[in-house]
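> got a sequence here, can you model it:
(chains A and B)
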Amino acid sequence: MTSVEVTGRPVKFAVTVFPGSNCDHDAEHVIGTVLGQPVRSLWHSERTLHGADVVIVPGGFAHGDYLRTGAIARFSPVMKAVQAHAKAGKPVIGICNGFQILCEVGLLPGVLMRNLSLKFICEFLHVRVERTDTPFTSLCHPGQLIRMPIAHGEGRYTAHASTVAGLERRGQVVFRYCDARGEATPESNPNGSMNSIAGICNEARNVVGLMPHPERASEEFLTSADGRVMFESVVASLTR
Amino acid sequence: MRPVPAPGDPVVNAALATKLGLTAAEYRAIVRSLGRTPTYAELGMFSVMWSEHCSYKHSRRIIAMYPKKGPLVLQGPGENAGGVRLAPNLAVLLKVESHNHPSMVEPYQGAATGVGGILRDIFTMGARPIALMDSLRFGLPNDPKTRRIVTGVVAGIGGYGNCIGIPTVGGELEFSPSYKYNCLVNAMAVGVIDPKDLTRAKAAGAGNLVVYMGSMTGRDGIHGASLLASQGFTKKRKDEGGGISAVQVSDPFLGKLLMEASIELCTKHLLVGMQDMGAAGLTCSTIEMSAKGNSGMDVDLDRIPQRAAGMTPYEILLSESQERMFFVVEPRKWKAVRAVVRKYGIPFAVVGKVRSHKRVRLMHHGRLVVDIPPAVMADGVPLCPLPKPVRLAYPKAPPLRRRCDPQRDLLSMLADPSLGSKRPVWRQYDHMVRTNTAILPGSDAGVLRLKGTDFCIAITVDGPGRLVAAHPFIGGQLAMAEAARNVACAGGKVLAFTNGLNFPNPDRPGNLWQFREAVRGIALAARRLRTPVVSGNVSFYNEHQAAGIDPTPIIGMLGVLDGYPPVPQWFRREGDLVVLLGPGRVSLNASAYQAHFAGRFGGVPVAVDWKSELALHALLIEGAKRGLLSSAHDLADGGFLLGLAECCVSGADADVPMLGCGIDVREPAGAVAEFYFGEGPSRAIVSLPERALGDFRSVARGVTVTVLGRVGGDALRVRAGTRERVGVGIPRLADARERTLKRLFE
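Presented below is the predicted three-dimensional model:
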């Protein structure tokens, strides 16, 4: 198992856990075992982040997603603390269901709708890094391709046309679905997301949400280690 | 005190017992053992506990042939799941279970509750589930009704597995007219546990609390185990309560909460015993836990959380509402238990106490309604007589009057949905969550790493119904040989197996003979392979208007890789040598080629020569261990040419680049179809770097190693002498292989 050289102080991660989260262990594994950084899980009833530097809102089916995704999770006490953390300009990343929750609490604009195919899709694909000025992409180069999987039934990024135009104008589109050559084509868009959007950030750039799973592509053993750079980026951005 | 009927209960007599699925002899045995007429509630409990599904009254003495012991066995059959130890602090549990009848009636919920049920079997024992696999059989997909069932079942498996967050890492899918009215949905779950946390389904310790946790009890699923699962489909029966009301409804979110709570309760050693409420619901839990603990219990049915008003004891006891658990806890640990259950927000109730009187006594509205010695109901069923020596005729091989053109026939067979890529199915399943999946679905076996250890496990499900129908004894052996070969191809050494035996009505002449022959074949294979059975399930009555399915034993095989990387089935490196392994005896009898082109099948398939088979497994494992192999693929359905094509293009299933190959073969005169498409055990295609060939040959004992050609290029090319027999571009192969199933789901 590879781990990153820890140069500065350790970076403390917190992974929120809602009833129905199911990628929380995977996120903890990457942070704790692969990156060798301190990580703790935060049950949804927690009111404090226990001094975490970075918050990961992981994937899963919080509260079963029987209602609109994230609609109940947004009211969890821990989300108040996450919102305060985000407002203070500290890094937050939402992955898959976590992205949906961040949209639902209003930390990120837009909404994730049912895939155009109406089916759950689990497969590896490519995304292109559009912005390197977020804490989670600081070690990437512009246009870098990351091979990682998606696994969702509701990942079609949708927002008002003016909102999407604003995201593009302000450089808030962080990741775009693309083919192996880096072209964003209709065929390389797995779910019908507007502008092939796979992930975005807020205006302050400290909150990032994406549908693909970097934590599932962070070790050579698991087909691709391309996603690890996102976690290494946030460690680097806080220790440099 | 004698138990009394609840208000409104029908009069209990032999006729009522028959209506509930009990035979006259069984009813007499009940009256004799109780010394009185049972109450309606008691009769209902007997009817489910003595159903074929729960009591194994036809199969028990036959499956006793299986070897169950082994140095690594932690838990054998008879518990919720069984398993083996890999290390002092690490064991793997596995079990396969069928949900055929419910899936036929209501595909989405039938399949979803099948997945939920098999996962509960694993976490009820305190193990954390890490993988699912499923084995599916349907009628031919050109029938719109079949299409509805297929898409419903696939959506149901995904709907439950994706939400609860357990990856479905592989499986198999086949279409055959034999399953038109009886689809097969068998799910296997695998979990890991520290043996010291293992929790069994027993109630013990007088005064301990009996606790109910989970979903409320409703009127759904009543008689699911008895009337739905233990009879064939007829038009009449559907109207008598064996229809939709007998199918349960899933709640994967609550299932997830129960899973986390159960694992936490077991790892904190807070429980005396636990059992999930699956088939036969509360009846099964109260009776089996008491019988296993050699104890009794008093339970107040009024305290059982109920979804509907005015439920009778009969309904409460026979409900198969999903996502419910039953456990026993010492009073001094109750506070700690309650804190865990409350943390997850799961409904619960203390419903009774364990007693030393060795009876299950159930109260309802202040009246005693059930008073039964648990051992009678758990083990007292009169066993059905062993099969008479009525044997079914082995089907004859149909005539195949056609000229074999290897290339054309290959493309035709790849477009057969049973033989093509299953990617359109598993991309609907989350197969990576928990980040252990070392080989993505599409290879011979699914491989998972066990975090924090050097181990990987390789698992597979295999159920060659065609071969078992052609010759149950040889077919049973072939099923085991193929499952073990799949595991060996990935580099795994087999440790244990589980099985789901899907057969037609055992009371029809010949059917039980067929069952016994298949079990005899599996048992013999298990001894040769030194793999004990650790769990399983028997599903009879897979028939429609007296027409049975092809007998389909599904083997779930578990193997281990100790500290070396697994080997996938697809070619990985340009320039590697393509090598055929095996003795090479093949036949078109009961082959995929025969079924595909003749529309039916027959003839006796090539039997397993266990010396060759074991030699091949040993070589595959040694090749993986020494890191000599780039790929290894077992040759089964479709024989040599289909297997070779899969080596080229199946990487696409796992999103890895496809690679062509060019090989030279010596075609035997007059047996072209046999050569390219004939099937036989003990064969595999491997690829390896040229420099590794010497080492590989030096460890090959009892296996013929034939170098055929090289990996590379953008086409599959096969030359026989100067003649190019096959020359197909990789994209065309891949398209042929994926097209049919993709269309089915669009």
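
> contacts, neighbours, all on C-alpha from now
Noted.

> which intervals of the chain have sub-threshold pLDDT?
Here I'm looking at chain A. Flagging of chain A using pLDDT under 70 yields the residue ranges A:1-7.

> oops, wrong one, chain B.
By pLDDT under 70, the low-scoring segments of chain B are B:224-246, B:387, B:389.

> near chain A, which residues of it are found?
Contacts of chain B with chain A, taken as Cα under 8 Å from any Cα of the partner chain, map to B:158, B:163-165, B:252-254, B:256-257, B:344, B:426-438, B:655.

> among those, which are in helices?
B:158, B:163, B:164, B:252, B:253, B:254, B:256, B:257, B:426 (DSSP state H).

> can you list the strands that the helix or strand residue B:354 falls within pairs with?
Secondary structure assignment for residue B:354, by DSSP states H and E: strand B:348-355. Strand B:348-355 pairs in its sheet with strand B:209-214 (antiparallel), strand B:296-300 (antiparallel), by DSSP bridges.

> turn those into TSV, columns for mean neighbour count.
Listed next are those as TSV, based on neighbours: other Cα atoms under 10 Å in any protein chain shown:
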stretch	mean neighbour count
strand B:209-214	24
strand B:296-300	25
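
> enumerate every residue touching the spatially closest residue to residue B:554 that is not a sequence neighbour.
Among residues not flanking residue B:554 along the chain, residue B:463 sits closest, at 4.2 Å (Cα to Cα, 6 or more residues apart in numbering or on different chains). With contacts defined as Cα atoms under 8 Å, 6 or more residues apart in numbering or on different chains, residue B:463 is in contact with B:135, B:479, B:552, B:553, B:554, B:555.

> need the contact list for the residue of the stretch 151-300 of chain B at minimum distance from chain A.
Closest contact between the stretch 151-300 of chain B and chain A, by Cα to the nearest Cα, is at residue B:253 (4.7 Å). Listed by Cα under 8 Å, 6+ apart, the contact set of residue B:253 reads A:20, A:61, A:63, A:64, B:163, B:164.

> what of residue B:31?
By Cα under 8 Å, 6+ apart, the contact list for residue B:31 reads B:37, B:38.

> just among the contacts of residue B:253, which is most surrounded?
residue A:61 (28 neighbours; other Cα atoms under 10 Å in any protein chain shown).

> contacting residues for the residue nearest to that residue when sequence neighbours are not counted?
For residue A:61, ignoring the flanking residues on the chain, the nearest one in space by Cα to Cα, 6+ apart is residue A:20 at 4.9 Å. Residue A:20 makes contact with A:60, A:61, A:62, A:63, A:64, B:163, B:164, B:253, B:256, B:257, according to Cα under 8 Å, 6+ apart.

> identify, from those, the entry nearest to residue B:716.
residue B:163 (40.1 Å; Cα to Cα).

> ok, the closest one to residue A:79 distance?
21 Å (Cα to Cα, to the nearest Å).

> now for residue 22: which residues touch it?
As the question left the chain open, I've gone with chain A. Shown in contact with residue A:22 (Cα under 8 Å, 6+ apart): A:58, A:59, A:60, A:61, B:163, B:164, B:165, B:433, B:434.

> right idea, wrong chain: chain B
So residue B:22 contacts B:47, B:50, B:51 (Cα under 8 Å, 6+ apart).

> quick one: which of those residues is nearest chain A?
residue B:51 (34.5 Å).

> can you add distance to residue A:231 and give the contacts of residue B:253 back as TSV?
TSV is the format used below for those (distance: Cα to Cα, whole Å):
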residue	distance to residue A:231
A:20	23
A:61	23
A:63	27
A:64	27
B:163	25
B:164	26
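
> next, give me the two most distant ones among those.
For those, the farthest-apart pair by Cα to Cα is A:63 and B:164; their separation is 10.9 Å.

> so residue B:718 sits against residue B:666, correct?
No. Using Cα atoms under 8 Å as the test, residue B:718 is too far from residue B:666 to be in contact (10.3 Å).

> these two: which has the busier surroundings?
Higher neighbour count among residue B:718 and residue B:666: residue B:718, with 23 against 10, using other Cα under 10 Å.

> all helices for chain A, in order.
A:24-29, A:77-87, A:97-104, A:161-169, A:228-239.

> before we move on, back to that, out of the contacts of residue B:463, who's the most crowded?
Within the contacts of residue B:463, most neighbours by other Cα under 10 Å means residue B:554, with 33 neighbours.

> give me the distance between it and residue B:169.
Counting by Cα to Cα, the separation of residue B:554 from residue B:169 is 16 Å.

> what of residue B:555?
Following Cα to Cα, the distance that separates residue B:555 from residue B:169 is 16 Å.

> do residue B:519 as well
Where residue B:169 is concerned, residue B:519 sits at a distance of 27 Å (Cα to Cα).

> neighbour count winner among the two?
Neighbour totals were compared for residue B:519 and residue B:169, and residue B:169 leads with 30 against 25 (other Cα under 10 Å).

> just say helix, strand or coil for that one.
strand (DSSP: H, G, I helix; E, B strand; the rest coil).

> tell me the contacts of it?
Residue B:169 neighbours (Cα under 8 Å, 6+ apart): B:131, B:132, B:133, B:431, B:432, B:437, B:440, B:441, B:446, B:447.

> quick check: the fifth one vs residue B:657, distance?
Meaning residue B:432. 19 Å.

> between those two, who's got more neighbours?
For residue B:432 and residue B:657, the more surrounded residue by other Cα under 10 Å is residue B:432, and the numbers stand at 28 against 15.

> relative to residue B:166, how far out is the more buried one?
Counting by Cα to Cα, the gap from residue B:432 to residue B:166 is 9 Å.

> now do residue A:175
Distance from residue A:175 to residue B:166, by Cα to Cα: 27 Å.

> of the two, who's got more company?
residue A:175 (29 against 26).

> can I assume that one is in contact with residue A:195?
No. At 10.5 Å, residue A:175 does not count as touching residue A:195 under the criterion of Cα under 8 Å.

> confirm residue B:398 sits in a helix?
No. Read with three-state DSSP, residue B:398 is coil and lies in no helix.

> wait, what's in contact with it?
Taking Cα under 8 Å, 6+ apart as the test, what residue B:398 contacts is B:594, B:598, B:600, B:601, B:602.

> return a PyMOL selection command for the buried portion of those.
In PyMOL syntax, the buried subset of those is picked out as below (16 or more other Cα atoms under 10 Å in any protein chain shown):
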select buried, chain B and resi 594+600+601+602
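
> re the thing from before, which one of the contacts of residue B:253 sits closest to residue B:337?
Nearest member of the contacts of residue B:253 to residue B:337, counting by Cα to Cα, is residue A:20, at 20.4 Å.

> give me every residue in chain A lying close to chain B.
A:19-20, A:22-23, A:25-26, A:60-61, A:63-64, A:119-124, A:151, A:216, A:221-223.

> residue A:93 bridge partners, please.
residue A:56, residue A:208.

> buried set for stretch B:398-413?
Applying a neighbour-count criterion of 16+ other Cα under 10 Å, one finds B:398, B:404, B:406, B:407, B:409, B:410, B:411, B:413 buried in stretch B:398-413.

> and residue B:186, how far is that from residue B:98?
4 Å.

> so what sits against both of these two?
B:114, B:500.

> pull the CA atoms of the host helix or strand of residue B:42 into CSV?
Per DSSP H and E: residue B:42 is located in helix B:40-49. Output of helix B:40-49 as CSV, limited to C-alpha atoms (Å, rounded to 0.1, in the frame of the first residue of the first chain):
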residue,chain,number,x,y,z
TYR,B,40,-55.5,-22.6,14.4
ALA,B,41,-52.4,-20.6,15.2
GLU,B,42,-50.5,-23.8,16.0
LEU,B,43,-51.7,-25.5,12.9
GLY,B,44,-50.5,-22.5,10.8
MET,B,45,-47.1,-22.7,12.5
PHE,B,46,-46.8,-26.4,11.7
SER,B,47,-47.9,-25.8,8.2
VAL,B,48,-44.9,-23.4,7.5
MET,B,49,-42.3,-25.2,9.7
